[in-house]
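Asks: Task: produce atomic coordinates for the following.
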Amino acid sequence: MNFPWIETFCLPTLCGFIFAGLVAGWIVSIWSESLLLKQLPEWSPKGQRKTRLLASLGTALLFGCYLWLVCGLQTQSIPEVQPSEFGRFCQLIFQLSLISLLVAITITDLWDYAVMDRMILVGLAIGLSGQCLSGELQMQHLWIDWNAEQVGIKGPDFPQWIDQYRHLHGLAVGLTGMLTGAGITWLVRAISSKLLGQETMGMGDVTLMAMIGSFLGWQPVLFVFALAPLTGVLISILQRLLGGKAYVPYGPFLALASYLVLCGWNQLWTPLRYVFGHPPSIIGVVGGAGVAFVLLLILLRLFRSIPIQESERYSSRPSPTDSASILETHEVESPDHES
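Replies: Numbering: from 1, shown residues only. Got it, this is the predicted structure:
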């Protein structure tokens, strides 16, 4: 089976994937509505139609940009990860599935401040089973010792078992990504909540990072963790300056950071790859990112005190809590979801 368009980007392929994005956006918006209507029975048909339109157009744009960058400019390709042609096609579909799930989760988080458990479970099932069944979906292998590389003499230390047990390796990539994403988010959530005296993230963000990690692996999910606060700060400031809602859920920032990592993995990984072959350096980077994250939460809490006039769209809805911070998520008393 040949897929020449993976290497040679062309306009008909772009148009086809933009159309696929329109369909995928429409489907995930309907799925999101079916879950949201249980929590928001007052949601107007006009609001539902607008959400479907924006989700369809947004997903089409995300699909088109992804295809242009990943297949056209090869921004995800790295020398040590070279799947087969069919494996690259499966990887493409796999990652587009993640983008579609992130769109659905963004819809529910923006409308109801909730990350739905059902969406997370579907995502985890796709992420872990896809990694295991294919064995060629990883963006980076589980472990490569870059510090053993000698330029012009030999490459990095590449474990032979990765080729011998590809399906086991794929499962290991998904599981370590899931545990890393959930573990580091839970740890920072606990520390920041202790320091600030209130919850700064909900458990829904922890499970969301677990799902993202199952798709991307443990190295990319660390980049997601590092980039999410930066995207959160920029969007939160812009939203406040434009008079939008003072409360902004954190799930969309994780989704945006994941998309940036997908589309720019080569540029992110190449200059920092040697860090990931040295465990003490990894611990130092993760610790530094955690400290920076907590400091950003403190700064955002101070920024929250700046008065603004909210637009009518958001002022009619109550704030999740009277003392909610910008990055805090709302705990909803429902067996189906939590933020």
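Asks: Grab the nearest non-local neighbour of V275.
Replies: Leaving aside its chain neighbours, V275 sits nearest to S281 (4.5 Å; criterion: Cβ to Cβ, 6 or more residues apart in numbering). Glycine gets a C-beta too; all of them are placed from N, C-alpha and C.
Asks: how near is that neighbour to T59?
Replies: For S281, the distance to T59 equals 37 Å [Cβ to Cβ, to the nearest Å].
Asks: Counting neighbours, go ahead and name the busier of these two.
Replies: More crowded of S281 and T59, by other Cβ atoms under 10 Å: T59, with 27 against 14.
Asks: which other helices and strands contact the helix or strand harbouring that one?
Replies: In the assignment (DSSP states H and E), T59 maps to helix 45-67. The contact analysis (3 or more Cβ pairs under 8 Å, 6 or more residues apart in numbering; DSSP states H and E) places helix 45-67 against helix 11-36, helix 85-112, helix 251-263.
Asks: neighbours around I144, how many?
Replies: By the criterion of other Cβ under 10 Å, I144 has 21 neighbours.
Asks: show me the residues around it that make contact.
Replies: By Cβ atoms under 8 Å, 6 or more residues apart in numbering, the contact set of I144 is 80, 156-159, 276-277.
Asks: Low-confidence stretches in the stretch 201-339 of the chain?
Replies: Residue ranges of the stretch 201-339 of the chain with pLDDT under 70: 236-248, 296-339.
Asks: any idea where the strands of it begin and end?
Replies: Per DSSP state E, counting those that start in this stretch, the stretch 201-339 of the chain carries strands over the ranges 337-338.
Asks: can you give me the helices in it?
Replies: In the stretch 201-339 of the chain, helices defined by DSSP state H, counting those that start in this stretch lie at 203-216, 218-241, 251-263, 265-269, 279-304, 312-315, listed in chain order.
Asks: related to what we said a few turns ago, return the closest of the contacts of I144 with respect to L133.
Replies: Distance to L133, by Cβ to Cβ, is smallest for P159 among the contacts of I144, at 21.2 Å.
Asks: thought the closest one was touching W143?
Replies: Yes. In this structure, P159 is within contact of W143 by Cβ atoms under 8 Å, at 6.7 Å.
Asks: State the distance from Q48 to L260.
Replies: Per Cβ to Cβ, Q48 is found 29 Å from L260.
Asks: repeat for H169
Replies: To L260, H169 is 26 Å away according to Cβ to Cβ.
Asks: between those two, which one's more packed in?
Replies: H169 (22 against 17).
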